[in-house]
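**Q** below: sequence and its predicted model.
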There are 2 protein chains.
Amino acid sequence: MSHEVEKRSLAQYLEENNLKHTKQREAILAAFLEASGHITSEEIHNRVRAEHPNIGYTTVYRTMKLLCDAGLASERHFEDGVTRYEIEQEHHDHLVCLRCGKIIEFECAMIEKTQLEIADRYQFRVLRHRHELYGHCDACERAAAATE
Amino acid sequence: MSHEVEKRSLAQYLEENNLKHTKQREAILAAFLEASGHITSEEIHNRVRAEHPNIGYTTVYRTMKLLCDAGLASERHFEDGVTRYEIEQEHHDHLVCLRCGKIIEFECAMIEKTQLEIADRYQFRVLRHRHELYGHCDACERAAAATE
DNA sequence: GGGCTAATTGAAAATAACATTCAATTTCAA
DNA sequence: TTGAAATTGAATGTTATTTTCAATTAGCCC
């Protein structure tokens, strides 16, 4: 059994908030963690149903919201309008391929630092941020070149 | 009459694409430009109706899409899930206040440059990007402090 | 272990934002 | 002016997400 840390973290959150520990919540957490990031509710639902065929969409939505509140997941809105969830951990930013949808993560301390300087200039207190570069990944760029 | 440049720009786009110049399109463009950025379709619709009570939502949606194609506007998806349009011009990024919704624009050549270096590292071709810092603006931060 | 009560579930219906359809209207080139 | 093609807007369709509500379940108390 993996994801012990996250399971315990969820259990703690449930307990602290007088919420109940259900197999649905456990299953959804597992499915989400196994998928390793940037997953939609629909994808989570599909994965969960493989093991637990009668867990509904609704429960997936609700549970993902709960995982966000619990600090285990966070919502992301890329430019296709569908909400995706990612594992809440060290902050990272994204390269998003507009052709194949591939998502690459990156981090850059220099940019993070510059951001804060800019915010300072406007007396703005930064709580979180998003930084996404949209374009074509290597494979798609080659494919596009080959087609022309 | 202001916004002459944009009007001419739209007229040119319509002509080049064998599209027609209608008063609805002109009115929507004017309402959009007067609003100065980060506006939703609904807000545009409200503004347009003040002058032209029988222009429908549909026409606003379609026209905003057209203005995007024409390069006069561009779509933005902040974290509330509603599409907003902004005037297409020099690229800039955003500070978004989570309390009052205020949106401040900023630019930073250093960050732009660093971005490209990162993309290079992944053989990624950047077509566009978004960079948003979410937090509290000065006024809201003070308000929050006063409440506590 | 059984009872109890509040939390949870899931199917269905509701909502919100946006897209499409289609008949009626309008633009504009000839 | 005319007529074909584009446009409009009301209504309807979609898609993603949320709410409702009756039925079920978790987990404390005995």
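**A** Happy to help now that I have it.

**Q** for the rest of this, base every contact and every neighbour count on C-alpha atoms.
**A** Fine.

**Q** how about the residues of chain A near DNA strand C?
**A** Residues of chain A that fall close to DNA strand C, judged by C-alpha under 7 Å from any atom of the strand: A:14, A:18-25, A:54-59, A:62-63.

**Q** what about the strands in chain A?
**A** For chain A, applying DSSP state E gives strands covering A:39-40, A:73-77, A:83-87, A:93-97, A:103-106, A:125-136.

**Q** what about stretch A:85-102 and DNA strand D, any contact?
**A** No - residues of stretch A:85-102 are not located near DNA strand D by C-alpha under 7 Å from any atom of the strand, the shortest gap being 9.3 Å.

**Q** near chain B, which residues of chain A?
**A** Residues of chain A lying close to chain B by C-alpha under 8 Å from any C-alpha of the partner chain are A:76-79, A:81, A:95, A:106, A:111, A:114-115, A:118-119, A:122-138, A:141.

**Q** is it true that residue A:41 touches residue A:75?
**A** No - using C-alpha atoms under 8 Å as the test, residue A:41 is too far from residue A:75 to be in contact (10.4 Å).

**Q** common neighbours of these two, please.
**A** Common contacts of residue A:41 and residue A:75, defined by C-alpha atoms under 8 Å, 6 or more residues apart in numbering or on different chains, comprise A:83, A:84, A:85.

**Q** how close does residue A:66 get to chain B?
**A** When C-alpha to the nearest C-alpha, to the nearest Å is applied, the distance between residue A:66 and chain B equals 18 Å.

**Q** which stretches of chain A have low pLDDT?
**A** For chain A, applying pLDDT under 70 flags the ranges A:1, A:89-91, A:147-148.

**Q** let's see 90
**A** The model of chain A has pLDDT under 90 over residues A:1-6, A:8, A:35-38, A:71, A:74-82, A:86-94, A:96-105, A:107-112, A:126-137, A:140-148.

**Q** distance of the residue nearest the centre of chain A relative to DNA strand D?
**A** Closest to where the C-alpha atoms of chain A average out (C-alpha atoms, centre = their mean) is residue A:86, at 1.2 Å. With distances defined as C-alpha to the nearest atom of the strand, to the nearest Å, the gap from residue A:86 to DNA strand D amounts to 13 Å.

**Q** do residue A:117 as well
**A** When distances are taken as C-alpha to the nearest atom of the strand, residue A:117 and DNA strand D turn out to be 33 Å apart.
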